[in-house]
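Peer 1: Show me how the following folds:
(chains A and B)
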Amino acid sequence: DAKTTQPNSMESNEEEPVHLPCNHSTISGTDYIHWYRQLPSQGPEYVIHGLTSNVNNRMASLAIAEDRKSSTLILHRATLRDAAVYYCMHSGGGADGLTFGKGTHLIIQP
Amino acid sequence: DAGVTQSPTHLIKTRGQHVTLRCSPISGHKSVSWYQQVLGQGPQFIFQYYEKEERGRGNFPDRFSARQFPNYSSELNVNALLLGDSALYLCASSLYASGNTGELFFGEGSRLTVL
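Peer 2: Here you go, the predicted structure:
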């Protein structure tokens, strides 16, 4: 199993940046790093993914450590709608699916 | 545009029965994956189908089976239901078989309760 380690929960204030850490020390050289989030009563939602270089999209930024054993998801300006469980995973891209852990429960305070 | 649709949204079964869950992927997507999410846990991979062929299988017993139809919709079947099969069953579609080439789009799931 492709295992990652994330804090169980984090709390942040609205309109402030949020940095969500993830450790993936068993990652192999060809594995991509994926982040999804799941809002209450909904299916998971794609956030971002990357291989080596830092990645940006309209939702977030992904900062990948040089040794690729850790990464950080950055929400630049959190809103109440960003309150969710955030999952970090790594995958070789085969047909074995994504291995979700328990994720980080992000709480946003108004 | 319609997202991934799943049916039924909720259902209740008793132990020993079987259940069929259905999924329609996003138009143009050829890959469908199934995940099981038990309360308080992250989703667990069950199957992936691409172009109507099984491409991947997670660590689930043979009571779980699936298929993909020519229109790329999919069914997940679970036989001889156990109490532990109570979960949210999620379907995800994607353009390609490999998850590294893009995102998975998840439906809202089918909530199965086994009594």
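Peer 1: Could you report the pLDDT at residue 82?
Peer 2: Because you didn't say which chain, this covers chain A. As predicted, A:Asp82 sits at a pLDDT of 96.
Peer 1: meant chain B actually
Peer 2: pLDDT, B:Leu82: 98.
Peer 1: what's the neighbour count on it?
Peer 2: For B:Leu82, the neighbour count with other CB atoms under 10 Å in any protein chain shown is 12. For every residue, glycine as well, the C-beta is placed using N, CA and C.
Peer 1: Make sure it is actually in contact with B:Val114.
Peer 2: Yes: between B:Leu82 and B:Val114 there is a contact at 6.6 Å, judged by CB atoms under 8 Å.
Peer 1: Touching both of those two, which residues are there?
Peer 2: Residues touching both B:Leu82 and B:Val114 (CB atoms under 8 Å, 6 or more residues apart in numbering or on different chains) are B:Arg15.
Peer 1: low pLDDT regions in the chain?
Peer 2: All of this is about chain A. A:1-2, A:93-95 (pLDDT under 70).
Peer 1: wait, I meant chain B there
Peer 2: Those would be B:1, B:98-102, if you go by pLDDT under 70 across chain B.
Peer 1: Give me the most central residue, it.
Peer 2: In chain B, the C-alpha nearest the mean C-alpha coordinate belongs to B:Trp34, at 2.9 Å (CA atoms, centre = their mean).
Peer 1: tell me which element it falls in.
Peer 2: Assigned by DSSP states H and E, B:Trp34 belongs to strand B:31-37.
Peer 1: B:Ile46 reaches B:Tyr35, doesn't it?
Peer 2: Yes: between B:Ile46 and B:Tyr35 there is a contact under CB under 8 Å: 6.1 Å.
Peer 1: what about the two, which has more around it?
Peer 2: In this view B:Ile46 and B:Tyr35 are compared by other CB under 10 Å, and B:Tyr35 has more residues nearby, 27 against 23.
Peer 1: and the more buried one, what are its bridge partners?
Peer 2: For B:Tyr35, the beta-bridge partners under DSSP bridges are B:Phe45, B:Leu90.
Peer 1: wait, what's in contact with it?
Peer 2: A:97, A:100, B:43-46, B:89-92, B:106.
Peer 1: Most neighbours of all the residues you listed, which one?
Peer 2: Taking other CB under 10 Å as the neighbour criterion, B:Cys91 ranks highest of the contacts of B:Tyr35 with 31 neighbours.
Peer 1: Look at the closest residue to it other than its chain neighbours and say how many residues are nearby.
Peer 2: Spatially, and ignoring its direct neighbours in sequence, B:Cys91 is nearest to B:Cys23 (3.4 Å; CB to CB, 6 or more residues apart in numbering or on different chains). By the criterion of other CB under 10 Å, B:Cys23 has 27 neighbours.
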